[in-house]
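Enquirer: here's my sequence, what's the structure:
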Amino acid sequence: WEESTAAGGRARHIGGTLSQQLLLAVLHRDEGDEAGARAIAGEVLRWASAIGAAGAARQAEAVLAGVDPTRPREGG
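Expert: Residues are numbered from 1 along each chain as shown. The predicted structure is shown next:
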């Protein structure tokens with residue numbers, strides 16, 4: 001994910017890069033680095049809000065609220 005995020009950023013694929021960064025935030029949390037997860041999610045939220053990427057902003061807010069946006073929701 002780190003390599004993919006870097007490659008997306010170099011290619012200026014902003015939406016995809018924000019999505020990859022959210023995955024990195026989840027990875028940091030899974031590895032016990034809550035501060036790192038929150039820092040990454042905060043930056044994703046800042047950038048997503050600035051460019052009007054509502055979906056990425058909602059997912060970043062979920063990470064900041066302690067939710068893993070990669071997990072399926074209960075009930076479907």
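Enquirer: how about residue 68, nearest residue that isn't a chain neighbour?
Expert: Once flanking residues are discounted, residue 68 sits nearest to residue 26: 5.7 Å by CB to CB, 6 or more residues apart in numbering. From N, CA and C alone the C-beta is placed, and that goes for glycine too.
Enquirer: so that neighbour, which state does it fall into?
Expert: helix (DSSP: H, G, I helix; E, B strand; the rest coil).
Enquirer: burial count for it?
Expert: 21 (other CB atoms under 10 Å).
Enquirer: with residue 68 instead?
Expert: Residue 68, neighbours per other CB under 10 Å, totals 14.
Enquirer: ok, it - contacts?
Expert: The contact partners of residue 68, taken as CB atoms under 8 Å, 6 or more residues apart in numbering, are 26, 29, 62.
Enquirer: contacting residues around residue 56?
Expert: Neighbouring residues of residue 56 by CB under 8 Å, 6+ apart: 15, 18, 19, 22, 44, 47, 48.
Enquirer: among those, which ones are buried?
Expert: Buried residues within those, counting neighbours by 16 or more other CB atoms under 10 Å: 18, 19, 22, 44, 47, 48.
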